[in-house]
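Asker: let me see the structure of the following:
(chains A, B and C)
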Amino acid sequence: MPLVLIGVTLIVFSMMQILGPDKLLSAYVDANKLDKISIEEMEQLKDKYGLNDPLPIRYGKWLGNLVKGDLGWSIVGKEPVTQAIIHRLPYTIELALYALIPILGIGIWLGIKAAIHHNSWIDQLIRIFALVGWSLPDFVFGLVIILFFYVGVNWFPPQNLSNWAETIVRSAEYHQYTKFLTIDAILNLRFDIFWDALRHIIGPIITMSWLWWAYLLRITRSSMLEVLRKDYIRTARAKGLAEKEVINKHAKKNAMIPVVTVAGNMVIGLFMGVIIVESIFNRTGIGRFAARAAQQLDYASIMGSLLFSSVILIVGNLIIDISYALIDPRIRLE
Amino acid sequence: MSDKEPILKVKNLKTYFKTEDGIVKAVNGIDFDLCPGETLAIVGESGSGKSVTSLSIMRLLDTNGYIPEGEIIYKGKNVTKMSDSEMRSVRGNEIAMIFQEPMTALNPVFTIGEQITEAITLHMKMNEEDAKTRAVDLLRKVGIPEPEKRVDQYPHELSGGMRQRAMIAMALSCNPSILIADEPTTALDVTIQAQILELMKDLQKEFGMAIIFITHDLGVVAEMSDRAIVMYGGETVEQGDIVNIYKNPRHPYTWGLMNSIPRIDIDTERLWAIPGVVPSPLNFPKGCKFSNRCFLASDKCKTDHPGLETIENDHFSRCWHIDKLVEEVKKVRAGDK
Amino acid sequence: MKKLIFVFLVVFAVVSVFSEVVNPDTFFYATIGEPDTLDPHYAYDTASGEVLYNVYENLIAYDGGSMADFVPLLSTAVPSVENGYLNDDGTVYVFPIRKGVTFHNGDPLTPEDVEYSFERALVFSPAAGPTWMLFEPLFGTHDIESMVEEYVGAAWGDIFDADMNPKSEYKQALIDFFNDVIDPAVEVEGDTVVFRLPKAFGPFMNILSQSSHWSGILDKEWCEGLGLWDGNADGWWKHHDWKKEDSPLYAQTNGTGPFKLVSWDRAQQKVFLERNDNYWREPAKLKQIVIAGIDEWSTRFAMLQSGEADLITTPAEYLPQVEELANVTVMSGLPTVNITALSFNWEIKPESKYVGSGKLDGEGVPLNFFTDENVRLGFAYAFNYQEFIDDTLNGLGINVPTVLPEGFLGYDGELEGYHLDFDKATNYFKRAFRGQLWQKGFKMTILYNTGNSSRQRSAEILRDNLAKINPKFKVEVAGVQWPSYLDARKNGTMPVYIIGWLADYPDPHNFIFTYYHSSGDYGKFYGEAFDAFARRPQPEFGGRSLNKMIELASVDPDPKMRQKLYVQIQEFVLDHGLSMALYQPLGLRAQRSWVKGYYRNPIRPGEDYYSLSKSE
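Answerer: Residues are numbered from 1 along each chain as shown, chains lettered A, B, ... in the order given. Next up, the predicted model:
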């Protein structure tokens, strides 16, 4: 794992270095300030931030600092990179955890339904549903949700919390034990804040859902159809089992194997941060952070986000592999 | 046939399938009886309708299959008219089935034990613990060594032969009256084949169930069965006591099947084979379905569909030229000596 | 399953209706971006400026919406010749410091705090910061390093070793430098603070006034406690030019203003301010201010509609959308203090990728293309200023004649600026390069930074008109990422610059010097040829050079005289095509109708929350 991380970070670092110190300078010069900065000042900034040093020295410094736990200063986050990531992490994780269950649950359920009622009108309906979900760009859908469910009825507002809730959360009497808005609300016995936080999460979840349901249900459906054709399903029926049990017990488990891949990737993506939903609903998150870092060539933040994403990816894949082994005994290493 | 009352009576069974190209008449009117403790073989090439017959008995047809005509009477009740829940209490319990591919017929994600106990707890009023004990017993009975260990293993951890034994254990777990074995040894190698057949005979002695043995292999038939039905094109072409059929084959198809087995005591340069292949179910010739492959076919065969003729007590054949065949058989057998 | 969803939705609807709390004490401003730093001597952007404006206070402030009249704030008097606090030369300013004022942490305001604040600004003076505006009036220089080099007689890099410690031979000189040069500029005398200037400087009061956050007053003890400079001569160099993030003032404040900073949540891009109940004047009406950076226009718009946001940043193109809203007050045509202009690079660097062949052969432009006045004037008449304003700014702009905003001293509405005139342009182009340009044509690239749609549009309009004038005039418009744009700008490879300037303080000097003096921040980019031009004696100026005229206009104590001089300068600029002022944008403001107390002052960064309140 460390080797992979070094490799990835080195490659990205080098790509940025190729741009040259003048282009890298842009991270330190705000677009609005450009018009007021002199050439001498630009040179001074380059020296100050070590942009003129060659690649090995810059990378070496970064690596050296990394070992000490110092990822450098985040320009877009306006705080040290490690802090920037830690502060944004709870929001991303909270959204991911709440999104996981409805997205996975409903997506897979739809796929199984479609497979069981293969070629019937239920199947057709579900497949059309999937097609629309695929085709609908999520930023459009997100804006539609805000238009219909926020402006008039105030069901799913943007941001992380309403203003009044925000004020209470920041006050001295309120204890932020976990930095998860919903959990802290419960721990502080403020159920109104719990509701408020939940309302703010639902909009983003719905926006992300449709597309993911489309993917999940397709793969579940085709996997399920394949499994239903298998001999052991016939054996199960031959034993006299009810169709419901045949599907729920015998078919489902086998059908889940390819689904785990898709679902796993989706979960990994959720934990890396979902930039579009974060932007439209103005939620704090790692996705936006990483995207802004890339846009502004904030190399410290880029490298930090990269490390973070790589770790998530590696851990996520590990979990996927373990899931395979749990489901399918043929894959177990013993 | 023994003088006991038949446990299964199949009367004029027809099983059709709706396909895009038309209706496929997979089984087009077969009749037979099965007595308790008896072994009946159903012989034929693929496409003859032998598997479909057994699936019809179990009512495990695909969604596009249906039984337009015919009766299947099991212990006095008409299977074709049973409700779903009634049928489910028959399956696995009264009539059990084992399949051809032991590799794929067991669910890879559950242990052998789980799959056997599932059948037991479903049909017999037993708790999990007792069911598992019974499962271990069954595994021992079917000759699997170290059954306590094997019961917790997964199918992929067992060899093909062992898997088939486990399937047999599973099928017999609820003491069925009839065991339908659809080509159970075809996918196994010859030595294992012999073992399994041996096992089945022993089990039949012990448990007393009737067996319907579906196969295309005449050697197996000879070993296992009391009676046989030869099927072609969804119909019975010859039916009767196994000894009679072997001694006195009365249908060119049966004769062809017998001759296409290599024999160690006859020296030939080429194996005798039935010419042509089984036509697609939509393309059977008019008249006798075997006519386009039969060495005795005449013009009559091509236009008139022969009925089932009684040759002797309980020995039937569907052919216009039985006498010609008798002569041919005599000739060839004489030449053998 | 479906039942569950239904129940959920119903509960939702009920709860939602009751969970929205209307809060008259909190003001929510949804804007773009966020502060850069809250160190007043480092910050140079309006977002930071807004927070600093509300949290720190200066010696004097503008009188309401005026950009020329002042009222006392932390000082008790606005120095003038009449009241004696300003001497006749205009070189000594005396500010009596108000008593009874406390900082947010309870420390009392003293004249020492004032002296410290300015001296720290001079000592700290980070690169690319705003403190140059203090150096100009106080010393006539631009930064401390050049002053030290002159005083000590050695290059900055030679004075210090690798760890930024002074070499022993220079240490005393550095201490002396501080005592002799820096310290006397700002001194405490009794209850007052005295500023001594080498010569009169017209805009000095603007530079000190509230809205110029670099002149905000810090609490000396508090700063020392944070590890900042202790005010002593010995060791001042250690506190010079720190990295932005290293300054302890980066995210914390301690001012005397009507609001305190409660928190700057950088993860959520939100600034939270709270009313200072111990403010030396009547406490503010609003209790809590939230300034949130929300980049997505649709989201901001939705929040204004729902009432969750009281005020949102509204780019001109969205004027029609906000006009349709009920319960929203829209003010358009608000005066501003910035101008976007196109300037010419008189000496394009040879490695430029934007000059085609680099020769006058129809496939490029020669590197000295814009030294020819006819070319410049041809360009000036080839732009459709009004169309651009109507098109891209929804009409919210003024076609100003030169780079001097309307409302400033020196502005003359009678001056005839440029307008689209094909005939004039044609004539000039035909004369350019002795007729060769017209025959051969040219090819060049105009850049804009991707995302900046007004710059893009201006370039396109110019391109299209030039092509209409003569099809051999081929301009390519290219959008490049911000880093490349910055790079090209810095390295002098762009043939023309379409750039804007936002006033630092509302005095013509801030614009005229920047754009037209060869040492100005922009003037510097035009190359040596321009430098030579700007120094040359001109008949229109009675023998003075352009540079000299600009310098004179900045220091003349008589506003009427300044007006006259600036008008002369502008006429010269127009005659010689030194710049194309594209537009002065007009502001657009969309706020909920319950917001009261707003007054416009174009130089103020952001909102003056002290004056705002919410009521139906």
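Asker: mind listing the helices for chain B?
Answerer: B:50-58, B:84-90, B:102-105, B:112-123, B:128-141, B:147-150, B:160-172, B:190-207, B:218-224, B:242-247, B:252-259, B:299-303, B:322-336 (DSSP state H).
Asker: just the stretch 401-550 of chain C next, same as before
Answerer: C:422-431, C:436-440, C:453-469, C:482-490, C:508-516, C:528-535, C:546-555 (DSSP state H, counting those that start in this stretch).
Asker: tell me the confidence at the residue of chain B found nearest chain C?
Answerer: Across chain B, the shortest distance to chain C (C-beta to the nearest C-beta) belongs to B:Asp84, at 25.2 Å. All C-beta atoms are positioned from the backbone trio N, CA, C, and that covers glycine. Per-residue confidence (pLDDT) for B:Asp84: 88.
Asker: same deal with B:Ile95?
Answerer: pLDDT, B:Ile95: 93.
Asker: that older thread, deepest-packed of the helices of the stretch 401-550 of chain C, please.
Answerer: helix C:508-516 (a mean of 25; mean count of other C-beta atoms under 10 Å in any protein chain shown).
Asker: of all the helices of the stretch 401-550 of chain C, which lies closest to chain A?
Answerer: Short answer: helix C:482-490, nearest of the helices of the stretch 401-550 of chain C by C-beta to the nearest C-beta, at 3.7 Å.
Asker: close to chain A, is that closest one?
Answerer: Yes. Residues of helix C:482-490 are located near chain A by C-beta under 8 Å from any C-beta of the partner chain, namely C:Trp482, C:Pro483, C:Ser484, C:Tyr485, C:Leu486, C:Asp487, C:Arg489, C:Lys490.
Asker: ok, back up a step: redo the helices of chain B as JSON lines? Include mean neighbour count.
Answerer: Listed next are the helices of chain B as JSON lines, based on neighbours: other C-beta atoms under 10 Å in any protein chain shown:
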{"stretch": "helix B:50-58", "mean neighbour count": "23"}
{"stretch": "helix B:84-90", "mean neighbour count": "15"}
{"stretch": "helix B:102-105", "mean neighbour count": "21"}
{"stretch": "helix B:112-123", "mean neighbour count": "23"}
{"stretch": "helix B:128-141", "mean neighbour count": "18"}
{"stretch": "helix B:147-150", "mean neighbour count": "16"}
{"stretch": "helix B:160-172", "mean neighbour count": "25"}
{"stretch": "helix B:190-207", "mean neighbour count": "15"}
{"stretch": "helix B:218-224", "mean neighbour count": "18"}
{"stretch": "helix B:242-247", "mean neighbour count": "16"}
{"stretch": "helix B:252-259", "mean neighbour count": "22"}
{"stretch": "helix B:299-303", "mean neighbour count": "14"}
{"stretch": "helix B:322-336", "mean neighbour count": "12"}
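Asker: now distance to chain A too, for the ones you listed, in JSON lines please.
Answerer: Below are the helices of chain B laid out as JSON lines (distance: least, C-beta to the nearest C-beta, whole Å):
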{"stretch": "helix B:50-58", "distance to chain A": "6"}
{"stretch": "helix B:84-90", "distance to chain A": "5"}
{"stretch": "helix B:102-105", "distance to chain A": "4"}
{"stretch": "helix B:112-123", "distance to chain A": "5"}
{"stretch": "helix B:128-141", "distance to chain A": "13"}
{"stretch": "helix B:147-150", "distance to chain A": "14"}
{"stretch": "helix B:160-172", "distance to chain A": "7"}
{"stretch": "helix B:190-207", "distance to chain A": "17"}
{"stretch": "helix B:218-224", "distance to chain A": "21"}
{"stretch": "helix B:242-247", "distance to chain A": "27"}
{"stretch": "helix B:252-259", "distance to chain A": "27"}
{"stretch": "helix B:299-303", "distance to chain A": "38"}
{"stretch": "helix B:322-336", "distance to chain A": "38"}
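Asker: quick one: which of these is nearest C:Asp89?
Answerer: The minimum distance between C:Asp89 and those falls on helix B:112-123, with 102.1 Å, by C-beta to C-beta.
Asker: so that closest one versus helix B:128-141, what angle?
Answerer: Counting by axes from the mean of the first three to the mean of the last three C-alpha atoms, to 10 degrees, helix B:112-123 lies at 120 degrees to helix B:128-141.
Asker: now the angle between helix B:160-172 and helix B:112-123, please.
Answerer: Using the same axes, to 10 degrees: helix B:112-123 against helix B:160-172 is 10 degrees.
Asker: would you mind writing the CA trace of helix B:112-123 as PDB?
Answerer: In PDB, the C-alpha atoms belonging to helix B:112-123 read as follows (Å, rounded to 0.1, in the frame of the first residue of the first chain):
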ATOM      1  CA  ILE B 112     -24.000 -29.500   1.900                       C
ATOM      2  CA  GLY B 113     -25.400 -29.800   5.400                       C
ATOM      3  CA  GLU B 114     -27.500 -26.700   5.000                       C
ATOM      4  CA  GLN B 115     -28.900 -27.800   1.700                       C
ATOM      5  CA  ILE B 116     -29.900 -31.200   3.000                       C
ATOM      6  CA  THR B 117     -31.300 -30.000   6.300                       C
ATOM      7  CA  GLU B 118     -33.300 -27.500   4.400                       C
ATOM      8  CA  ALA B 119     -35.200 -30.300   2.700                       C
ATOM      9  CA  ILE B 120     -35.600 -32.200   6.000                       C
ATOM     10  CA  THR B 121     -36.900 -29.300   8.000                       C
ATOM     11  CA  LEU B 122     -39.200 -28.300   5.200                       C
ATOM     12  CA  HIS B 123     -41.100 -31.600   5.000                       C
END
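Asker: I'd like the distance from it to the chain centre, please.
Answerer: Averaged C-alpha coordinates place helix B:112-123 at 25 Å from its chain's average position (C-alpha atoms, centre = their mean, to the nearest Å).
Asker: separation between the nearest residue to C:Ile32 once chain neighbours are set aside and C:Gly33?
Answerer: Nearest residue to C:Ile32 in three dimensions, chain neighbours excluded: C:Thr313, at 5.3 Å (C-beta to C-beta, 6 or more residues apart in numbering or on different chains). As judged by C-beta to C-beta, to the nearest Å, C:Thr313 and C:Gly33 stand 9 Å apart.
Asker: between the two, who's got more neighbours?
Answerer: When C:Thr313 and C:Gly33 are compared for neighbours, C:Thr313 comes out ahead with 20 against 17, by other C-beta atoms under 10 Å in any protein chain shown.
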